[in-house]
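# Structure for the following, please:
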Amino acid sequence: MFAKSDVNGKNENPIYTFLKSRCPSVRPEFQASYKLYYEPYHQDDIRWNFEKFLVDATGQPVWRYDESLDPLEIVPDIDQLLDSQENTEKNKNERKIRRRKIKDNN
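Residues are numbered from 1 along each chain as shown. You can find the predicted model right below:
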C-alpha cells in the first residue's frame, strides 16, 4: 500500500479506481495534455496528488476534496460522518434490544 503507484491511466492502482468511481472529480478542467504523463484521460481522474477522499468506517468513499482545501476545513464533514455512524450504531443496538424484549415476552 505504501509503494509508489499510479492514480490515473491504464496502470492506476485499483484503490484509486474504486475511490474515483464513488466520488466524482471536484474540478472540471484538466491541465494542458502535454503536462499529463498518463493515458487514457477520464473526467473523474485525480487532478493533483493532494486531492483528498473521506472514507467511512465501512470503507466507502463519502466525499472528495480539491487539493487546495486546507485539511482543517474537512473537520465538520468528519464530525458529521462520525455522528451519523454513531446514530446508526445506536439505532442498531436499540433494534436488538427491542427484538430481545419481544422474544422474551413471547
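# for the protein, which spans come out with low pLDDT?
Scanning the chain for pLDDT under 70 picks out the ranges 1, 106.
# How are the helices of it distributed by residue range?
In the chain, the helices defined using DSSP state H lie at 14-22, 75-105.
# Tell me which of these is the most buried.
Neighbour counts (mean count of other Cβ atoms under 10 Å) averaged over each of these peak at helix 14-22, with a mean of 15. Yep, even glycine has a C-beta here, placed from its N, CA and C like the rest.
# And it, how far out from the chain middle?
Distance, stretch centre to chain centre, for helix 14-22: 9 Å (Cα atoms, centre = their mean, to the nearest Å).
# Export that helix to PDB, keeping only CA atoms.
Output of helix 14-22 as PDB, limited to C-alpha atoms (Å, rounded to 0.1, in the frame of the first residue of the first chain):
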ATOM      1  CA  PRO A  14      -7.400  -0.300  -8.200                       C
ATOM      2  CA  ILE A  15      -7.900   1.600  -4.900                       C
ATOM      3  CA  TYR A  16      -8.000   4.800  -6.900                       C
ATOM      4  CA  THR A  17     -10.300   3.300  -9.500                       C
ATOM      5  CA  PHE A  18     -12.700   2.500  -6.600                       C
ATOM      6  CA  LEU A  19     -12.400   5.900  -4.900                       C
ATOM      7  CA  LYS A  20     -12.900   7.800  -8.200                       C
ATOM      8  CA  SER A  21     -15.900   5.600  -9.100                       C
ATOM      9  CA  ARG A  22     -17.700   6.700  -5.900                       C
END
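# Residues contacting that helix, please?
Residues from elsewhere that reach helix 14-22 (Cβ atoms under 8 Å, 6 or more residues apart in numbering): 1, 5-8, 42, 44-46, 53, 55, 60-61, 64.
# ok, and the closest non-adjacent residue to the spatially most central residue of the chain?
Geometric centre of the chain, nearest residue: Pro61, 2.2 Å, by Cα atoms, centre = their mean. Among residues not flanking Pro61 along the chain, Arg22 sits closest, at 4.1 Å (Cβ to Cβ, 6 or more residues apart in numbering).
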